[in-house]
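**Student:** can you look at this prediction? I've put the sequence above it.
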Amino acid sequence: MLANLIAYLDSVKSRDPAPRSRAEILLYPGVWSLAFHRLAHRLYRARLYFLARAVNHLSRFLTGNDIHPGAKIGKRFFIDHGFTVIGETAEIGDDVTLYQNVTLGGTDPANGIAGKRHPTLENGVIVGSGAQVLGPVRVGARARVGANAVVTKDVAEAATMVGIPARAMLVDVTAYQRDFLPYGTPCSDCFDPEKQKLELLQCEVEQLQKRLAELLAQKQAPELPGDDVALFKERGRA
């Protein structure tokens with residue numbers, strides 16, 4: 001058990017360079033949230049729902065994070081800072097990182113029957129601060145959800161999602177190959193599909209303006225009579 005705790009604290013240290021020691025990490029609200037949730041989840045599985053909720057509310061009061069006792073959370077899960085909400089049917093894989101103010105929220109079932117309402121995050125997912133992942137969507141392994149993005153559809157494996165609604169973007173290969181990307185948001189120049197469309201439209205407008213200027217120039221040029229044109233051409237050949 002001690003070895004597992006040390007391995008967990010080391011995994012947090014690899015994602016957050018701020019702490020100077022493992023003991024300092026033990027003060028993190030995200031670490032305590034996970035510890036409380038492990039207890040609450042066991043009570044929930046034992047159908048001791050009231051006690052599970054009591055532990056959940058105590059955890060929220062002490063840490064600022066609200067994790068429903070029914071949520072399934074894998075190994076080495078880390079909430080950096082806090083004020084995160086995780087719903088009842090959420091499923092989280094191993095080595096997942098959430099930053100502050102993230103919501104893994106549910107949608108109201110159309111048929112009125114409670115079921116899978118919350119997201120599934122596969123291994124290695126990073127969700128940036130303020131992001132909202134809503135509904136029974138699946139976020140693929142090693143995907144990154146940028147800060148303040150709103151995800152309402154499935155996310156492909158290793159994709160980087162930004163915007164409202166979230167859409168996939170191209171990232172520099174050096175950022176893609178990194179094992180960990182803070183806040184799930186590349187800070188270098190990136191290739192935004194919407195920006196590319198605007199640039200293409202701008203190029204087309206510039207070409208049209210150039211063509212229009214040529215046509216206007218031709219129309220404003222003085223017209224010569226037929227005989228003068230022939231004479232002008234013969235002089236040019238000479």
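**Tutor:** That came through, no problem.
**Student:** when you work out contacts or count neighbours from here on, use the C-alpha atoms and nothing else.
**Tutor:** OK.
**Student:** just the pLDDT for the residue nearest the centre of the chain.
**Tutor:** For the chain, the residue nearest the mean C-alpha position is V145 (1.1 Å; C-alpha atoms, centre = their mean). pLDDT recorded at V145 is 92.
**Student:** do the one 5 residues further on as well
**Tutor:** The score at V150 is 93. That number is its pLDDT.
**Student:** just want the phi and psi numbers for it.
**Tutor:** With angles defined as degrees, to the nearest 10, V150 sits at phi -120, psi 110.
**Student:** just give me the longest helix of this protein.
**Tutor:** Criterion DSSP state H: the longest helix present in the chain is helix 193-220.
**Student:** report all helices and strands that that helix contacts.
**Tutor:** Here helix 193-220 touches no other helix or strand, going by 3 or more C-alpha pairs under 8 Å, 6 or more residues apart in numbering; DSSP states H and E.
**Student:** buried set for that helix?
**Tutor:** Buried residues in helix 193-220, counted by 16 or more other C-alpha atoms under 10 Å: none are found.
**Student:** what pLDDT, on average, does it get?
**Tutor:** Mean predicted confidence for helix 193-220 is 80.
**Student:** and the residue nearest to the centre of the chain, how far from V162?
**Tutor:** 6 Å (C-alpha to C-alpha, to the nearest Å).
**Student:** so where is this protein shaky, pLDDT-wise?
**Tutor:** 109-114, 170-196, 221-238 (pLDDT under 70).
**Student:** please enumerate the helices of it.
**Tutor:** For the chain, helices defined by DSSP H occupy the ranges 2-15, 22-25, 29-45, 49-63, 173-177, 193-220, 226-237.
**Student:** of the ones you listed, which is nearest V139?
**Tutor:** The closest of the helices of the chain to V139 is helix 173-177. By C-alpha to C-alpha, the value is 16.4 Å.
**Student:** excluding its backbone neighbours, what's nearest W32?
**Tutor:** With C-alpha to C-alpha, 6 or more residues apart in numbering as the criterion, W32 has its nearest non-adjacent residue at 7.2 Å, and that residue is T63.
**Student:** quick one: contacts for that neighbour?
**Tutor:** 29-30, 32-33, 82-83 (C-alpha atoms under 8 Å, 6 or more residues apart in numbering).
**Student:** residue contacts, A158?
**Tutor:** A158 touches 140-144, counting by C-alpha under 8 Å, 6+ apart.
**Student:** ok, now with 6 Å
**Tutor:** 142-143 (C-alpha atoms under 6 Å, 6 or more residues apart in numbering).
**Student:** and it, how far from E122?
**Tutor:** Counting by C-alpha to C-alpha - A158 and E122 are separated by 10 Å.
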